[in-house]
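Visitor: Kindly generate the corresponding structure for this input.
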Amino acid sequence: MTSSDPNAGLPVMVIIGGGAGGLELATRLGNSLGRKRRARVVLVDQSPIHIWKPHLHEVAAGSLDIGLHRLEYAAQARWHHFEFQLGRFIGLDRPNRSVTVSAMPDMDDQPMLPRRTIRYDQLVLALGSTINTFNIPGASEFAIALDSPGEAERFRQKLVAACIRASARAEAGKTSLVSIAIIGAGATGVELSAELRNAARVLHAYGIHGMDPSRDIRISLVEGAERILPGLPERISESVGVLVAKLGIDILTGEKVTRVTALGVETASGKS
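Guide: Numbers count the residues shown, from 1 in each chain. So this is what the prediction gives:
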C-alpha cells in the first residue's frame, strides 16, 4: 500500500526563522531540492509575513506601506516549492530529531492552528537577533522595540495618536510639543530620527495640518557611547552627526540610560 503523501520518505529540512537568512535559504533549497522532490523543505516562523528588517524604521515613521512591501510566507512557499508552518518555535528534542511549534490563535484569539511536532533530518536555526534592554528598569514596559513589523506599526499608531492629541491642544491654545526619545544611535536609531522629520505627509493623511514636524516634534537620540554610529568609522559618525544636527535632532552621547518611565528616559548623569 502506497502513501498518498508525495513527500513521504523524503529527507526533511527544517528552517526556524524567516528573516533574511532563513527565507533566502528556504527559497533556494525549495528551488533546488523541493521542486525535484529530493527533500521536504519546511520554514517555521511566528509571523505570516516577512518585511526586511532594515525597513522597519520606515514603517515606524509611516513612510513605508506594509501592504506594498510585505511578503506572504505562504505565497513564497507555493512559488518556490517549500512548506510554511506558522507558529513560534518552543521546543527542540535532539535525541528524537524533532522541533515543537506553538499553537496559533486567530485575530479574535480563537484556536486556529494546534501545537505541532515536526520531525527533521537537518535543522537550521536562523532566529536572528532581538533588542537587548540590558535589564534597564522600565525599558520592557514603556519602550517600543523595533524588532518586528508589529512593533513598528505600534510605534506609528502611537505617534499619530500623540500628534492628534497635540493638535487638539494647540487648537485650545495649549502647548502642543510631541517628544520622542530614541535609545541607541546605531543605524536604525539614526535612520528613524531622520525619517521622522519627514512625517508631515503622514500627519496630513490623518487630517493633522496644523503641526510642523520640524518644529512641533522634538526628537532626542540617546547613546551610551561617546559618538553616534559607534560601530562605524569615526569619520562617518562625524559626517552623519552634522547632518542629523541640521535636522534639529538633539544628540546626547555618553549618556547611559538607567531608567525608563511612562513620562521619560533617565540617564546616569541625571538628565531626564
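
Visitor: Helix or strand next in line after the lowest-mean-pLDDT helix or strand in the chain, which one?
Guide: Lowest on mean pLDDT, DSSP states H and E among the helices and strands of the chain sits helix 200-205, with a mean of 67. Sequence-wise, the next helix or strand downstream of helix 200-205 (DSSP states H and E) is helix 213-216.

Visitor: buried ones in that next one?
Guide: Going by neighbour count (16 or more other Cβ atoms under 10 Å), the buried part of helix 213-216 is Pro213, Asp216. For the C-beta atoms, the positions are set from N, CA and C on the backbone; glycine is no exception.

Visitor: Work out the gap between the next helix or strand after that helix and the centre of the chain.
Guide: Using DSSP H and E, the helix or strand that follows helix 213-216 in sequence is strand 217-223. Relative to the centre of its chain, strand 217-223 is centred 20 Å away, using Cα atoms, centre = their mean, to the nearest Å.

Visitor: Okay, buried residues for strand 217-223 please.
Guide: So for strand 217-223, counting by 16+ other Cβ under 10 Å, buried means Ile217, Ile219, Ser220, Leu221, Val222, Glu223.

Visitor: In the helix or strand hosting Glu195, which residues are buried?
Guide: With elements taken from DSSP H and E, the one containing Glu195 is helix 187-196. By neighbour count with 16+ other Cβ under 10 Å, helix 187-196 contains the buried residues Thr188, Gly189, Val190, Glu191, Leu192, Ser193, Ala194, Glu195, Leu196.

Visitor: Now for the spatially closest residue to Leu247 that is not a sequence neighbour: which residues touch it?
Guide: With sequence-adjacent residues excluded and distances taken as Cβ to Cβ, 6 or more residues apart in numbering, Leu247 is closest to Arg197, at 4.9 Å. By Cβ atoms under 8 Å, 6 or more residues apart in numbering, the residues touching Arg197 are Pro213, Ser214, Ile217, Ile219, Leu247, Gly248, Ile249.

Visitor: So the last one versus His50, what's the distance?
Guide: For Ile249, the distance to His50 under the criterion Cβ to Cβ, to the nearest Å works out to 30 Å.

Visitor: Between those two, which is the more surrounded one?
Guide: Neighbour count, other Cβ atoms under 10 Å: between Ile249 and His50, Ile249 has more, with 23 against 20.

Visitor: State the pLDDT value of that one.
Guide: pLDDT, Ile249: 93.

Visitor: contacting residues around it?
Guide: Ser193, Ala194, Arg197, Ile219, Ser220, Leu221.

Visitor: Which of the contacts of Arg197 sits closest to Val41?
Guide: Nearest to Val41 among the contacts of Arg197 is Ile219, at 43.7 Å by Cβ to Cβ.

Visitor: What pLDDT is listed against the closest one?
Guide: Ile219 is given a pLDDT of 93.

Visitor: Need phi/psi at Leu252.
Guide: Backbone torsions for Leu252, taken as degrees, to the nearest 10, come to phi -120, psi 100.

Visitor: Do I have it right that it meets Gly224?
Guide: No: applying Cβ atoms under 8 Å as the test, Leu252 and Gly224 come out as separate, 9.7 Å apart.

Visitor: Okay, now the unreliable bits of the stretch 151-272 of the chain?
Guide: The stretch 151-272 of the chain contains residues with pLDDT under 70 at 200-201, 204-205, 209-210.

Visitor: how about the nearest residue to Phe82 once chain neighbours are set aside, what does it touch?
Guide: Closest residue to Phe82 apart from its sequence neighbours, by Cβ to Cβ, 6+ apart: Gly30 at 3.4 Å. By Cβ under 8 Å, 6+ apart, the contact list for Gly30 reads Val41, Ala77, His80, His81, Phe82.

Visitor: how about a cut-off of 7 Å?
Guide: The neighbourhood of Gly30, defined by Cβ atoms under 7 Å, 6 or more residues apart in numbering, consists of Val41, His80, His81, Phe82.

Visitor: Equivalent analysis for Ser269, please.
Guide: Counting by Cβ under 7 Å, 6+ apart, Ser269 touches Glu255.

Visitor: Okay, and it sits in which element?
Guide: Here Ser269, judged by DSSP H and E, is contained in no helix and no strand.

Visitor: roughly how far apart are it and Leu221?
Guide: 15 Å.
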